[in-house]
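Undergrad: All I have is the shape, not the residue letters:
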């Protein structure tokens, strides 16, 4: 039920919803149908089933979420799902589900995750394109991983998109200051925990906005009468409290080389023994930042565009916050169409589309896995010659 005009009825519904909040059924998250097409250790690669009329584009899209968050933030719920939006427009969509690391993963290295896992995800997805390439989007830390991988192995990346993805880490923000203090004993933390607990990282993000829980509570009280808002709120809270611990060895390098050394921007970062220079990225590249992002600064995001050598590069800044601008309903009118248009224009190495002034943006269990369902290109697409 949506808007209620009568103030008395609205107040009645508000208190009814608040009283029944504990027993209210939780919204289903991550519901867009998908099949696991590759799995290894704890992670798996999901391929979303094509729309009934088939695919409209031959270059797949591979989505890489943050390593410490569940993938279904990009498939939150019907009507608020970026994945659902892309599938409906004929894109062939893959996503990395990082799974849940166990104690035995404490020595899992940054290279194994970035070069090994992302590399294999791209190879699997690229097999479904005659170009033998895929578009690569990384969200937050997933965007950092995507940029590093592309700098080292550009051959299967048709285009790179960094969505609120930090590239420069010496931006003077609170996380930089915290990880560079003498009292932040990185070796002790990783040695003692093995897997750096997600509660530690969640606490670090909460210190960026200490009043956020109070703000959310006030917003909930104000909008509790709106069932649609309440379902969206609970879906986002489900995701926000379903976090993943960080393999200690990978976390050690993440903090030491990026937050403390800023090695990626400085050109010192290596992956599998190969130096990752951002200047080596020549594929079409789009970086998206959000004006009210309290986790990743616009300066950090913009460094990707400033450093790469690609002649086809765009920096897009939208209003909204780190999460809200990606999952809100208004994202379906602003952010999502721009990303879909970007990939559509680069399906055959076409010239980049002009990015107009952005419209303001507001600020599950995994789907059942079955045998992969084949997805075919429409006849018109099958007649095209592969891009050279």
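TA: Everything's here; your move. From a predicted model like this one, the values you see are computed outputs, not experimental measurements. Numbers count the residues shown, from 1 in each chain.
Undergrad: Bridged to residue 139, which residues?
TA: Using DSSP bridges, the beta-bridge partners of residue 139 come out as residue 163.
Undergrad: For it, the count of nearby residues, please.
TA: Residues within reach of residue 139, counting by other Cβ atoms under 10 Å, total 25. C-beta coordinates here come from the backbone N, C-alpha and C atoms, glycine included.
Undergrad: now do residue 305
TA: Each residue near residue 305 was counted by other Cβ under 10 Å, and the total is 19.
Undergrad: can you give me the strands in the chain?
TA: Secondary structure of the chain (DSSP state E): strands at 34-40, 43-48, 61-64, 93-97, 134-139, 157-163, 195-196, 246-247, 270-271, 274-275, 285-290, 313-318.
Undergrad: where are the low-confidence patches of the stretch 201-350 of the chain?
TA: By pLDDT under 70, the low-scoring segments of the stretch 201-350 of the chain are 349-350.
Undergrad: which ones are touching the residue nearest to residue 261 when sequence neighbours are not counted?
TA: Counting by Cβ to Cβ, 6 or more residues apart in numbering, residue 268 is the residue found nearest to residue 261 once chain neighbours are left out, at 6.8 Å. Contact partners of residue 268, counting by Cβ atoms under 8 Å, 6 or more residues apart in numbering, are 257, 261, 275.
Undergrad: From residue 137, how far out is residue 268?
TA: According to Cβ to Cβ, to the nearest Å, residue 268 stands 26 Å off from residue 137.
Undergrad: How about residue 269?
TA: Taking Cβ to Cβ, one finds residue 269 at 20 Å from residue 137.
Undergrad: Tell me which of the two has more neighbours.
TA: Higher neighbour count among residue 269 and residue 137: residue 137, with 28 against 23, using other Cβ under 10 Å.
Undergrad: was I right about the more buried one contacting residue 62?
TA: Yes. Using Cβ atoms under 8 Å, residue 137 is in contact with residue 62, at 7.1 Å.
Undergrad: pLDDT wise, what is the closest residue to residue 184 other than its chain neighbours at?
TA: With Cβ to Cβ, 6+ apart as the criterion, residue 184 has its nearest non-adjacent residue at 6.3 Å, and that residue is residue 178. Here, the pLDDT recorded for residue 178 equals 86.
Undergrad: cool, and residue 375?
TA: Confidence score, pLDDT, at residue 375: 37.
Undergrad: do the same with residue 131
TA: Reading off the model, residue 131 has pLDDT 88.
Undergrad: So which residue is dead centre in the chain?
TA: residue 139 (2.8 Å; Cα atoms, centre = their mean).
Undergrad: tell me the contacts of it?
TA: Residue 139 neighbours (Cβ under 8 Å, 6+ apart): 63, 64, 65, 66, 73, 74, 163, 164, 165, 326.
Undergrad: Settle this for me: the fifth one is touching residue 328, isn't it.
TA: Put plainly, it is residue 73. No. Contact criterion Cβ under 8 Å: residue 73 and residue 328 do not qualify, at 12.0 Å.
Undergrad: sorry, back to before: for the strands of the chain, which one sits closest to residue 182?
TA: Among these, strand 195-196 comes nearest to residue 182, with 18.9 Å by Cβ to Cβ.
Undergrad: Which strands or helices does the closest one pack on?
TA: strand 246-247, helix 248-253 (3 or more Cβ pairs under 8 Å, 6 or more residues apart in numbering; DSSP states H and E).
Undergrad: Each with direction, which strands does it pair with?
TA: With DSSP bridges as the test, strand 195-196 is paired with strand 246-247 (antiparallel).
Undergrad: for the helices and strands packed on strand 195-196, which one ends up most surrounded?
TA: Ranked by mean neighbour count under mean count of other Cβ atoms under 10 Å, the helices and strands packed on strand 195-196 are led by strand 246-247, which reaches a mean of 26.
Undergrad: Identify the residues contacting it?
TA: So strand 246-247 is contacted by 67-68, 101, 105-108, 113, 195-196, 198, 201, 254 (Cβ under 8 Å, 6+ apart).
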